[in-house]
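Student: this is a predicted model, with the sequence first.
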Amino acid sequence: MIRVRFAPSPTGNLHIGGARTALFNWLYARAKNGKFILRIEDTDSARSKQEFVDEILNSLKWLGFDYDEIYYQSQRFDLYKEYAQKLLDEGKAYTEKLPDKTGEAIIFRVNNQAAVHPEQAASHPEQSEGSSQKIKINDLIRREIEFDSNVIKDQVLIKSDGTPTYNFACVVDDATMNITHVIRGEDHISNTPKQILIYQALGFSVPEFAHLPLIMGTEGRLSKRTGATAISDYSKMGYLPEALANYLLLLSWSPGENREVIDINEAIRLFDVKDVNKTAASFDLDKLSWINNQYLKKEPLEKLVDLIVPLLIENNYIQKDNFDRDYIVSIIKLFQARLSTINDFPDWADFFFLKDIKMDEKAKEKFLSRDFSKEFKLFIERLEALEKFDIETIETSFREIVKELSLEVKILIHPIRVALTGKTVGPGLFEVIYYLGKERVRERLEKWIK
RNA sequence: GACCCCAUCGUCUAGCCUGGUCCAGGACAAGAGCUUUUCAAGCUCUCGACACGGGUUCAAAUCCCGUUGGGGUCACCA
């Protein structure tokens, strides 16, 4: 049975890189009918925070990466000490006390001779050379990677304060949790030979490794400066979890057949970690937005409404427990195909909710500098006189006026749009008029009649 | 500095393992046009890459070596 794990440290939020690592582990477990284990690496009590644990858990839940088991390293300190003691007893580790520390650290011997006879090794370098060995990693993504043990220093296993180091806790956990495949970021490649040595010293079998390429920002390393990194930020910006997961998936993996938008269940069917590419990828918000739009278009209207209503309440556009849901549904429908994020909606559709609309000054300049008193007046009169007020009738009536006045359609349509919405872009004008209703259309047009 | 990883359009990638079907395909972005109501949706088109240099071979994006470039790691952080 395949067992993989995602092992975040709660010293910060779950970020894009971590989410991608979680995604690939989760996907691999689901694809191979294995188990996905979550391990909170909270050995650093000073930097680890409960709020980050909560944030990480929430982000994983939001993304839909459900785990089968969860462990906290802070609850397993006895286990690490036990294994460190074993290495100590076998002479594979030694203790050391630093003058500025209170307790004793337990240190793993990487190069045996050098540790046993430090003076001798220093005076006879050829001897320590003789003790070196080749450590081979068989990486599922990169094939064979070889390290020489003499480039690795002796490793601290247990710190003076009694807490385990990352490389030690990681090995003890991966081994005792029966992890079969360690799928993690490329930044761990150089930790791997150190860990392999510990696996061997402890008599554990070494798992398979797969090192994922890193995700870069557009200007080098992905950072807060080059864009948001926390998953919760993307949620706040109005991205859908399915879209983010889909985008992350496309960074370093391809479903083939030129497919871009892919259902997660289809991805589970096609995914294999050995097909992940080796090259680091840059995060591109434009493409994420495009994918988000693709998902938004397909999203059931009712679900979209549930996502958008809280935003409208937040903006004071509607009152909680006191709004016309059907009306909201209709308006969202007008914008659905154009939205890049759900947060676009309150900005783009504000004129449906505001009494005093926000006027785009440039639009006003361009389309309302001229006096449209006559045209607007006539249009209002016709609208008032309409027996049936629906989109089709409104359009027919409008086209008649334009014809009578011998105008081009666009000469009148743009000024009316700006007067009604404050913007130059938006849904079809006749839909806008219909959903705004006669009253508001009249009010907003009358403002421009001198 | 040492060690390690990587290298196809601006970006994400297909192709590379099993050389010829690739004067390199798709997507995002950009540009042009259409949609005679806008565009932030849709459609059409355009721009645009095998980092460089050596090999191997009848033939190389594909295999090998080197160079250059980018990235990562060298903590009693994880």
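Tutor: Received it, and whenever you're ready, just let me know what you need.
Student: so stretch A:263-281, near RNA strand B or not?
Tutor: Yes: contact check for stretch A:263-281 against RNA strand B, using Cβ under 7 Å from any atom of the strand: residues in range are A:277, A:278, A:279, A:280, A:281. All C-beta spots, glycine's among them, are computed from the backbone N, C-alpha and C.
Student: give me the most central residue, chain A.
Tutor: Residue closest to the mean C-alpha point of chain A, counted by Cα atoms, centre = their mean, is residue A:231 at 4.2 Å.
Student: what's the closest non-adjacent residue to it?
Tutor: Beyond its immediate neighbours in the sequence, the residue positioned closest to residue A:231 (Cβ to Cβ, 6 or more residues apart in numbering) is residue A:59, lying 4.0 Å away.
Student: do I have it right that residue A:435 meets residue A:333?
Tutor: No: taking Cβ atoms under 8 Å as the contact criterion, residue A:435 and residue A:333 are not neighbours in contact, 9.8 Å apart.
Student: next, the distance between the ends of stretch A:337-354.
Tutor: In terms of Cα to Cα, to the nearest Å, the two terminal residues of stretch A:337-354 are separated by 23 Å.
Student: distance between it and the chain's centre?
Tutor: Computed by Cα atoms, centre = their mean, to the nearest Å, the chain-centroid distance of stretch A:337-354 equals 22 Å.
Student: now that stretch: average pLDDT?
Tutor: Here stretch A:337-354 scores 96 as its mean pLDDT.
Student: residues of that stretch that come out buried?
Tutor: For stretch A:337-354, the neighbour count (16 or more other Cβ atoms under 10 Å) marks A:339-346, A:348-353 as buried.
Student: which element is the nearest residue to residue A:202 once chain neighbours are set aside on?
Tutor: Excluding its sequence neighbours, the residue lying closest to residue A:202 (Cβ to Cβ, 6+ apart) is residue A:83, at 6.1 Å. Using DSSP states H and E, residue A:83 sits within helix A:77-89.
Student: rounded mean pLDDT for that helix, please.
Tutor: Per-residue pLDDT over helix A:77-89 has a mean of 97.
Student: ok now it, how far from the chain's centre?
Tutor: Here the centre of mass of C-alpha atoms in helix A:77-89, compared against the chain's by Cα atoms, centre = their mean, lies 38 Å away.
Student: contact partners of that helix?
Tutor: With contacts defined as Cβ atoms under 8 Å, 6 or more residues apart in numbering, helix A:77-89 is touched by A:43, A:93-95, A:106, A:108, A:157-158, A:162-164, A:168-169, A:172, A:176, A:201-202.
Student: rerun at 7 Å
Tutor: Contacts to helix A:77-89, defined as Cβ atoms under 7 Å, 6 or more residues apart in numbering, come from residues A:93, A:106, A:108, A:157-158, A:163-164, A:168-169, A:172, A:176, A:201-202.
Student: residues from the stretch 1-150 of chain A in reach of RNA strand B?
Tutor: A:9, A:11, A:41-44, A:47, A:73, A:96-98, A:101, A:105, A:142-143, A:145-148.
Student: mind running it again at 6 Å?
Tutor: In this structure, the stretch 1-150 of chain A approaches RNA strand B at residues A:9, A:41, A:43, A:44, A:47, A:96, A:98, A:101, A:105, A:142, A:145, A:147, judged by Cβ under 6 Å from any atom of the strand.
Student: for the closest residue to the first one other than its chain neighbours, give its distance to residue A:300.
Tutor: If the residues on either side of it in the chain are set aside, residue A:9 comes closest to residue A:41, at 4.4 Å by Cβ to Cβ, 6+ apart. Taking Cβ to Cβ, to the nearest Å as the criterion, residue A:41 is separated from residue A:300 by 38 Å.
Student: between these two, which one's more packed in?
Tutor: Neighbour tally, residue A:41 and residue A:300, criterion other Cβ atoms under 10 Å: the higher count belongs to residue A:41, 19 against 8.
Student: remind me which residues of the stretch 1-150 of chain A are low pLDDT?
Tutor: Flagging of the stretch 1-150 of chain A using pLDDT under 70 yields the residue ranges A:112-131.
Student: now with 90?
Tutor: Where the stretch 1-150 of chain A drops to pLDDT under 90, the residues are A:99-102, A:111-133.
Student: now the helices for it?
Tutor: When assigned using DSSP state H, counting those that start in this stretch, the helices of the stretch 1-150 of chain A occupy the ranges A:16-31, A:50-63, A:77-89, A:112-116, A:118-123, A:125-130.
Student: tell me the most buried of the ones you listed?
Tutor: helix A:16-31 (a mean of 24; mean count of other Cβ atoms under 10 Å).
Student: who are the packing partners of it?
Tutor: Counting contacts by 3 or more Cβ pairs under 7 Å, 6 or more residues apart in numbering; DSSP states H and E, the secondary-structure elements packed against helix A:16-31 are strand A:3-6, strand A:35-40, helix A:50-63, strand A:181-185, strand A:215-217, helix A:241-250, helix A:264-270.
Student: okay, the closest residue to RNA strand B within the stretch 151-300 of chain A: pLDDT?
Tutor: Scanning the stretch 151-300 of chain A for the residue nearest RNA strand B gives residue A:166, at 2.8 Å (criterion: Cβ to the nearest atom of the strand). According to the predicted model, the pLDDT of residue A:166 comes to 98.
Student: residues near it, how many?
Tutor: A count of nearby residues for residue A:166, using other Cβ under 10 Å, gives 18.
Student: just to revisit the earlier point, the residue nearest to residue A:231 against residue A:14, yeah?
Tutor: Yes: using Cβ atoms under 7 Å, residue A:59 is in contact with residue A:14, at 4.1 Å.
Student: overlap in contacts of these two?
Tutor: Between them, residue A:59 and residue A:14 have residue A:231 as joint contacts when contacts are counted by Cβ under 7 Å, 6+ apart.
Student: picking up where we left off before, do I have it right that the residue nearest to residue A:9 meets residue A:73?
Tutor: Yes: in terms of Cβ under 7 Å, residue A:41 counts as a neighbour of residue A:73; the distance is 5.2 Å.
Student: pick the most deeply packed of the helices and strands packed on helix A:16-31.
Tutor: Between those, the one whose residues have the most neighbours on average, counting mean count of other Cβ under 10 Å, is strand A:3-6 (a mean of 24).
Student: other SSEs contacting that strand?
Tutor: On a contact count with 3+ Cβ pairs under 7 Å, 6+ apart, strand A:3-6 meets helix A:16-31, strand A:35-40.
Student: cool, thanks, talk later.
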